[in-house]
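Trainee: the sequence isn't on hand, but the structure is:
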């Protein structure tokens, strides 16, 4: 696997350490609902202290996997080990795992304090200790003074924090978060992302989070598992899955990617040369391709790693260079997205940071342009 | 719930299942049995269907006379037809009166809806018989309406209002109106007003928008309400007895008379069996609607 | 649009007038001094006194209330179980039959229900010797049976919009299934249970036909007594009785509404 590392120096990366023992082991887990396979033979190791994200669209099986960790669903096949213990037959109320629900599931007939205290009451903890723990937890999530409120008297952000406090107060071995920011509006979501990460670091509890929002997964998670139709498409750090997608699906699910078809002509540790099948062009990469010479592959190039400029009159397509006509320019404020029609058919998307005023943009609709990129931007994917 | 022990689940199901099986389902079988037995003088006033013959063999005596009588005697056939007609017309009047009410309540400001709805239900919580009595007080020859008409000199002698078909319909509509309004309201309140705005935006005048959007979407409510009025009204006894004329021989009343006055239990049972057969389709339909409504939620 | 809505409001007004004029009439005429109920001669409370002294009516009312209280309680227990089974148990064997048994009493003509229950009681008495005589017990059983359907519908509809994740959250926080039921489910459906109980109570109190079939000599419920009185003609005591019932029901409903509002505010709307 290629190295990509945005973590601060010295941050633990136990998944790179062959000696490290996984905290949660999901071994060949399958779950069917009638004829549909919701989770298909998934194996996954999660390490202590991680903030692990299960990322996927609806129907990808991410929520079912989370619910199996919580104990609400029982795997049809496979095992789930938590800290070495097989939890398959452990009912949810006996698992050292707590969950923050997407709807928060705050008990409407209880106050904030009663909601947070519920789990401790179920343990039979002494009242004084419960009060102390609840107080400390409400301080942690900045809800001091709200003890007597009822859920319907709180804002969306406050409810989210009550739900977090309630699921953290039992100090679970594993905290599951189902779309933790899904119900919040955009501004609040960004602020809450940082808060969640801070709380996770402060408490040291292992988080497993389900989300359909790739940005959320990228900014918060130590590692991401991309799920699709019940199977794991790729597991890795945010940078790994973004920069080195292993399949076309992952490349297109995370961010935007231009994908071309081609045949490997040269391959080696220094890089690969791929000849496009539908275009009069070649692609050069700086990494070893996943397939040998002669194999059909996909080429993925991200729009922000390409450059666009007006073409000289006689300029033609070549290696990592395409020529076409600008069909559309989308203005996003912080960047432009050019949609370039290729003469052979198909389009390329290129983005460019907005460093000039839109009126001074040197390229306009209909212009003949060159789109080019360096070898490091070329990703070769198996077909 | 996944981890609930199956035994508690079975108990929760078994309790109402057995109760309803014993006290709701089983009685119908007994009705069917007695419908084919002969009337007899005695307590209970019917002869057993299965009896031991003198030779010690078990003999089944099926008496279909009750059913042939039902078909041959036009009195019974007329009673069935009249019941269906009265129930049908009453359901229609309830619909015509109840639909605008339900619509208005559903369109009222949200804060006021519950009060308006409560006002529709409230009479239903007070005694049914005593509300019928109020209509007797209104409609009787010396009742309030006639007193007013006489006092105003509009009529010179009391008009016959009570014990007429009009009084019968009035009573049924009055008593069953909430059963029409409630399902209609439940349906209409879910209707998104934006749909009507969209229809209007696309050029439909209010009346067309109503016919093209509101009415088709409220069809489940109309059906549920109609069933809730029609089915019980077919077997209604009290209202025809107290408000209807002597010729308002609806099937519920005939059954009552056969049972209590003539003490002909087998005949009453046969009437009940036929009435039930008559209503099996609408009841099954109602149950289907009921199931769909709760699953759709 | 507003003109159309105006017409709609008129329709609503006419509907309410239709519903309430007879009720207003009951109240007004109950204070009429005349024995001829519908001819006003003067204001009087005398018929309330007469009502109070009318042992037949008072005894029947007491009997009816006893039956209604027991039947409503039984129907609430059975209806809650039935509502749970229908809302929560998914597809189980016999679900179709069970659903039919729960829904059918809602529309079943009373004469059929009444007749069939009576014949059951007679058949049971013949074969197993129980019930020895018909009366309080048999009427209560009959009322419990048909009121169960109403409670089941109320409970089922409450459970079908119940957020299941609340129960999962409690389970996740360490509550055992019975604790989940006692601490989360039951408090949250309590208003529906109360409404179901009240509905069952009222239905039982109001029933004439089923009670007439299933009761025996010496056990006449209030509607049975009222009905036989009505067959003979209007009496002023009955108007007084109607007024008492209207006042009690209105007061009860207002109280229930207020309690319900408090409860739903506590439960978060």
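Mentor: Looks like it arrived, so ask away. Keep in mind that what you see is a predicted model, and the values were worked out from it rather than measured.
Trainee: list the buried ones in stretch B:156-169?
Mentor: For stretch B:156-169, burial by neighbour count (16 or more other C-beta atoms under 10 Å in any protein chain shown) applies to B:158, B:161, B:162, B:163, B:164, B:165, B:167, B:168, B:169. Using the backbone N, CA and C atoms, a C-beta is placed for each residue, glycine as well.
Trainee: my guess is residue C:74 contacts residue C:142. True?
Mentor: No. Shown here, residue C:74 and residue C:142 do not form a contact pair, counting by C-beta atoms under 8 Å, at 11.1 Å.
Trainee: give me the residue from chain A nearest chain B.
Mentor: Closest contact between chain A and chain B, by C-beta to the nearest C-beta, is at residue A:91 (4.3 Å).
Trainee: I meant chain C, not that one.
Mentor: Of all residues in chain C, the one sitting closest to chain B is residue C:109 (2.2 Å; C-beta to the nearest C-beta).
Trainee: near chain B, which residues of the stretch 1-150 of chain A?
Mentor: Residues of the stretch 1-150 of chain A found near chain B (C-beta under 8 Å from any C-beta of the partner chain) are A:72, A:73, A:74, A:91, A:92, A:93.
Trainee: now a PyMOL select for only the buried ones of the residues you listed.
Mentor: Buried residues within those, by 16+ other C-beta under 10 Å, are selected in PyMOL with:
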select buried, chain A and resi 72+73+91+92+93
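Trainee: what number of residues lie near the residue of chain C closest to chain B?
Mentor: Residues lying near residue C:109 (other C-beta atoms under 10 Å in any protein chain shown) number 26.
Trainee: and it, backbone torsions?
Mentor: Taking degrees, to the nearest 10, you get phi -60, psi 140 for the backbone angles of residue C:109.
Trainee: quick check, pLDDT for it.
Mentor: The score at residue C:109 is 89. That number is its pLDDT.
Trainee: same question for residue B:146.
Mentor: Listed pLDDT for residue B:146 reads 91.
Trainee: and if you look at residue B:19?
Mentor: Residue B:19 carries a pLDDT value of 93.
Trainee: residue B:138 now?
Mentor: Residue B:138 is assigned a predicted lDDT (pLDDT) of 92.
Trainee: the residue of chain C closest to chain B and residue B:282 touch, don't they?
Mentor: No. Counting by C-beta under 8 Å, residue C:109 does not reach residue B:282; the two are 11.1 Å apart.
Trainee: and for these two, which residues touch both?
Mentor: By C-beta atoms under 8 Å, 6 or more residues apart in numbering or on different chains, residue C:109 and residue B:282 have these common neighbours: residue B:231.
Trainee: pLDDT at residue B:107, what is it?
Mentor: We have a pLDDT of 87 for residue B:107.
Trainee: same check on the one 4 residues further on?
Mentor: At residue B:111 the predicted local distance difference test score is 83.
Trainee: burial of the residue lying closest to residue A:185 once chain neighbours are set aside, as a residue count?
Mentor: Spatial nearest neighbour of residue A:185, chain neighbours left out: residue A:156 (7.5 Å); criterion: C-beta to C-beta, 6 or more residues apart in numbering or on different chains. Look at residue A:156: counted by other C-beta under 10 Å, it has 12 neighbours.
Trainee: for residue B:189, give me its contacts.
Mentor: With C-beta under 8 Å, 6+ apart, residue B:189 has these contacts: B:105, B:106, B:113.
Trainee: roughly how far does it sit from chain A?
Mentor: Note on residue B:189: its distance to chain A, by C-beta to the nearest C-beta, to the nearest Å, is 21 Å.
Trainee: could you do residue C:9 as well?
Mentor: Counting by C-beta to the nearest C-beta, the gap from residue C:9 to chain A is 32 Å.
Trainee: can you give me phi and psi for residue A:366?
Mentor: According to degrees, to the nearest 10, the main-chain angles of residue A:366 amount to phi 90, psi -10.
Trainee: OK, contacts around it?
Mentor: Taking C-beta under 8 Å, 6+ apart, we find residue A:366 in contact with A:325, A:326.
Trainee: one more time with 10 Å
Mentor: A:325, A:326, A:327, A:341 (C-beta atoms under 10 Å, 6 or more residues apart in numbering or on different chains).
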